[in-house]
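S.K.: Build me a model from this:
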Amino acid sequence: MDPLKPMPYPGECNPVDAVECPYCTTAFRVRTLMMGGDGRLLAWDEYEAIPCFCPMCGGRLETK
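M.R.: Residues are numbered from 1 along each chain as shown. Sure thing, here's the model as predicted:
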């Protein structure tokens, strides 16, 4: 990352990198862990995910 370049706005990012809730304006990103059918974690590897709901207010996020 270029230290002289300003950080982007959440709306300028890919949804897996940053999302801003339109209801409460919380900016966040989501990482998921893979689980097996019995509910146990398969690995500690994180995967990118596009969120459907805000973790702060529960507002539904629209995907484009």
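
S.K.: And the strands in this protein?
M.R.: 19-20, 27-28, 30-35, 41-49 (DSSP state E).

S.K.: Could you tell me which strands the last one is paired with, and in which direction each runs?
M.R.: Strand pairing for strand 41-49, determined by DSSP bridges: strand 30-35 (antiparallel).

S.K.: and the partner strand, what's its mean pLDDT?
M.R.: Confidence over strand 30-35 (mean pLDDT, whole number) is 84.

S.K.: Please point out which parts of that strand sit buried.
M.R.: Neighbour-count burial for strand 30-35 flags Val30 (criterion: 16 or more other C-beta atoms under 10 Å). Backbone N, C-alpha and C define where each C-beta goes, glycine included.

S.K.: Any chance you could give me that strand in PDB, C-alpha atoms only?
M.R.: Presented in PDB, the C-alpha positions along strand 30-35 are these (Å, rounded to 0.1, in the frame of the first residue of the first chain):
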ATOM      1  CA  VAL A  30     -16.200 -10.300   6.900                       C
ATOM      2  CA  ARG A  31     -14.000 -13.300   7.100                       C
ATOM      3  CA  THR A  32     -15.400 -16.800   7.300                       C
ATOM      4  CA  LEU A  33     -14.000 -20.100   8.600                       C
ATOM      5  CA  MET A  34     -15.000 -23.400   7.000                       C
ATOM      6  CA  MET A  35     -17.000 -25.800   9.100                       C
END
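
S.K.: what's it in contact with?
M.R.: Outside strand 30-35, the residues that touch it by C-beta atoms under 8 Å, 6 or more residues apart in numbering are 16, 19, 41-51.

S.K.: What distance do you get for the closest residue to Pro51 other than its chain neighbours to Glu46?
M.R.: Spatially, and ignoring its direct neighbours in sequence, Pro51 is nearest to Val30 (4.6 Å; C-beta to C-beta, 6 or more residues apart in numbering). For Val30, the distance to Glu46 equals 10 Å [C-beta to C-beta, to the nearest Å].

S.K.: swap in Cys52?
M.R.: From Cys52 to Glu46 the distance is 18 Å (C-beta to C-beta).
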